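A.B. asks: quick one, what's the 3D model for this:
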Amino acid sequence: MNRVSLDRRRLGAVVAVVAALLITGVAPARAEHAGAEAERAAAEILDAREQANAAAQAMFDAESRLDTLTIDLERKSADVEAAELAVDQLRQGLAEHAVRRFTGAAERPMLLLTDLESAYDDAAKGVYASAATGSELVRADELEAALERLDDEREALASQRDETEQARNQFEQRQADAEALLEELQRIEAERLQDALVEHELERQRQERLAAERREQERLAAERAEQERREQAAREREEQQQRDQQNEAPNAPAGAGDGTAEGDGAAAPSDPGAGAGLVCPIAGPRSFADTWGAPRSGGRSHEGVDMMSPGGTPLVAVEAGTASFRTNRLGGNTISLQGASGTRYYYAHLSSWEGSSRSVSKGEIIGYVGATGNTSANHLHLQVHPNNGVSVNPYPYVRAVC
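C.D. replies: Residues are numbered from 1 along each chain as shown. Here you go, the predicted model:
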């Protein structure tokens, strides 16, 4: 059983509990009843969000694989066209040689004195015989090799088409799963997120989980750094042994043997300050995935974070600034928010805007989730450009505030 199926079963159990409470006439647990009820409600919401996020990740991973295969399919189609052109050129060359041999004066038979059909047969035999000698033999071999390559390219193209179609079906299934879990999350939040005490407990538990994630990232980074130091020390010992065996001077490089060679260490964990002072761009149920750098159609790579949400869900300014509304082919309806901090945020695929380009305050509604531009699912594509420069991975920003 895969993770998405397991998550759906768990989430289904949560929904079943809520349904049972409604059927029996018992109102869903409210925070004012007891602190434990608020804790339980917050935990259920967080669990549902994590399950929806996992489904979104699976969907966007499937989309990335589909885009990669689509790019490969286009490349293989071009390879087949090139192979077909090569075969046609070789065939044309052999045909032109055959015509020259057949019409050449030195080799042409006396057609008027010979049976016409027999003359053509004899001439053809002579041409084929000459075509099988000298340079034409090489050309015939080239044609045979080109035909074999063409068969291979066509077979690879057919296989690629089948694989791409399977990936397309898988993406559509993952999309259906992600949208279903998002609907479940929307219902659970509507039933459990009922007052300020639950909201407070939800934020407390969310920050607690984020802190645990950061500690785990730091632990893994430390383990990777230690492993790299050990590997570096082992390489230096091996190099020293080789020098000793060759009677070379044992001039070890600086830092040899102590595992502190320059460049050691793993990538730093996510910046704990990412997203500080911001609000979540989606004011409603959402799920999101880390899709930074994923391949996209046309040979592009993804430079944002994708956040699923039902169509029409309000979008808000993550910080105060100036919002400019524009439309383009890939992003559809977009917003460029130049934040007061100097960071620029790019929102794409909106169904519509709220008002017009203007100065906005943090948390102000500026648009609504949609599926305009180059997409097939309702979601927000968000980019972050610190100091109005190149984009960076916005996933840590979103993870910190959503």
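A.B. asks: ranges for the strands of the stretch 151-300 of the chain?
C.D. replies: With DSSP state E, counting those that start in this stretch applied, the stretch 151-300 of the chain shows strands at 287-289, 295-296, 300-301, listed in chain order.
A.B. asks: same question for the longest one, mean pLDDT?
C.D. replies: In other words, strand 287-289. Model confidence over strand 287-289, given as mean pLDDT, is 92.
A.B. asks: same check on stretch 326-344?
C.D. replies: The model assigns stretch 326-344 a mean pLDDT of 96.
A.B. asks: let me see the residues that make contact with it.
C.D. replies: Outside stretch 326-344, the residues that touch it by C-beta atoms under 8 Å, 6 or more residues apart in numbering are 277, 315, 317-325, 345-353, 360, 366-367, 370-375, 381, 384-388. Yep, even glycine has a C-beta here, placed from its N, CA and C like the rest.
A.B. asks: would you list the strands of the stretch 151-300 of the chain in a markdown table and tack on mean neighbour count?
C.D. replies: Compiled in a markdown table, the strands of the stretch 151-300 of the chain are given as follows (neighbours: other C-beta atoms under 10 Å):
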| stretch | mean neighbour count |
| --- | --- |
| strand 287-289 | 26 |
| strand 295-296 | 18 |
| strand 300-301 | 12 |
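A.B. asks: and the ones you listed as JSON lines, adding distance to residue 60?
C.D. replies: Listed next are the strands of the stretch 151-300 of the chain as JSON lines, based on distance: least, C-beta to C-beta, whole Å:
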{"stretch": "strand 287-289", "distance to residue 60": "5"}
{"stretch": "strand 295-296", "distance to residue 60": "11"}
{"stretch": "strand 300-301", "distance to residue 60": "13"}
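A.B. asks: can you give me the helices for this structure?
C.D. replies: Secondary structure of the chain by DSSP state H: the helices cover 3-23, 35-103, 116-131, 134-192, 196-245, 395-401.
A.B. asks: by contact count, what packs against the fourth one?
C.D. replies: Helices and strands touching helix 134-192, as assessed by 3 or more C-beta pairs under 8 Å, 6 or more residues apart in numbering; DSSP states H and E, comprise helix 3-23, helix 35-103, helix 116-131, strand 287-289, strand 305-308.
A.B. asks: same check, this time on the longest one
C.D. replies: Based on contacts counted as 3+ C-beta pairs under 8 Å, 6+ apart, the elements that helix 35-103 packs against are helix 3-23, helix 116-131, helix 134-192, helix 196-245, strand 287-289, strand 295-296, strand 305-308.
A.B. asks: same check, this time on the last one
C.D. replies: Under the contact criterion of 3+ C-beta pairs under 8 Å, 6+ apart, helix 395-401 touches strand 305-308.
A.B. asks: the strand it packs on: how far from the chain's middle?
C.D. replies: The chain centre lies 12 Å from the centre of strand 305-308; the measure is C-alpha atoms, centre = their mean, to the nearest Å.
A.B. asks: now stretch 196-207
C.D. replies: Relative to its chain's centre, stretch 196-207 lies at 32 Å (C-alpha atoms, centre = their mean).
A.B. asks: next: stretch 315-322.
C.D. replies: On the basis of C-alpha atoms, centre = their mean, stretch 315-322 is displaced by 27 Å from the centre of the chain it belongs to.
A.B. asks: hmm, back to that, want to throw the helices and strands packed on helix 35-103 into TSV with distance to residue 75?
C.D. replies: As requested, the helices and strands packed on helix 35-103 are arranged in TSV below (distance: least, C-beta to C-beta, whole Å):
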stretch	distance to residue 75
helix 3-23	31
helix 116-131	35
helix 134-192	9
helix 196-245	35
strand 287-289	27
strand 295-296	13
strand 305-308	25
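A.B. asks: using CSV, write down the CA coordinates of stretch 357-375.
C.D. replies: These are the backbone C-alpha positions of stretch 357-375, laid out as CSV (Å, rounded to 0.1, in the frame of the first residue of the first chain):
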residue,chain,number,x,y,z
SER,A,357,-3.0,47.4,-9.4
ARG,A,358,-2.4,49.4,-6.2
SER,A,359,-0.6,49.7,-2.8
VAL,A,360,-1.7,46.9,-0.5
SER,A,361,-1.4,46.0,3.2
LYS,A,362,-0.2,42.6,4.5
GLY,A,363,-3.1,40.1,4.5
GLU,A,364,-5.2,42.2,2.0
ILE,A,365,-7.1,40.2,-0.6
ILE,A,366,-5.5,40.7,-4.0
GLY,A,367,-7.0,37.8,-6.1
TYR,A,368,-8.4,34.3,-6.2
VAL,A,369,-7.0,30.8,-6.9
GLY,A,370,-7.6,29.6,-10.5
ALA,A,371,-6.2,27.6,-13.4
THR,A,372,-5.4,30.2,-16.1
GLY,A,373,-2.3,30.0,-18.2
ASN,A,374,-0.3,26.8,-18.7
THR,A,375,-1.9,24.5,-16.1
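A.B. asks: pLDDT (mean, whole number) over that stretch?
C.D. replies: Per-region confidence: stretch 357-375 scores 96 on mean pLDDT.
A.B. asks: stretch 78-85 now?
C.D. replies: 84.
A.B. asks: if you count neighbours, what's buried in it?
C.D. replies: For stretch 78-85, burial by neighbour count (16 or more other C-beta atoms under 10 Å) applies to 79-80, 83.
A.B. asks: next: stretch 310-325.
C.D. replies: Across stretch 310-325, burial judged by 16+ other C-beta under 10 Å covers 310, 313-319, 321, 323, 325.
A.B. asks: and the nearest residue to residue 293 once chain neighbours are set aside, bridged to which residues?
C.D. replies: For residue 293, ignoring the flanking residues on the chain, the nearest one in space by C-beta to C-beta, 6 or more residues apart in numbering is residue 301 at 5.3 Å. The residues paired with residue 301 through beta bridges, assigned by DSSP bridges, are residue 295.
A.B. asks: same question for residue 352.
C.D. replies: Applying DSSP bridges to residue 352 yields these beta-bridge partners: residue 368.
A.B. asks: gap between it and residue 402?
C.D. replies: Counting by C-beta to C-beta, to the nearest Å, the separation of residue 352 from residue 402 is 22 Å.
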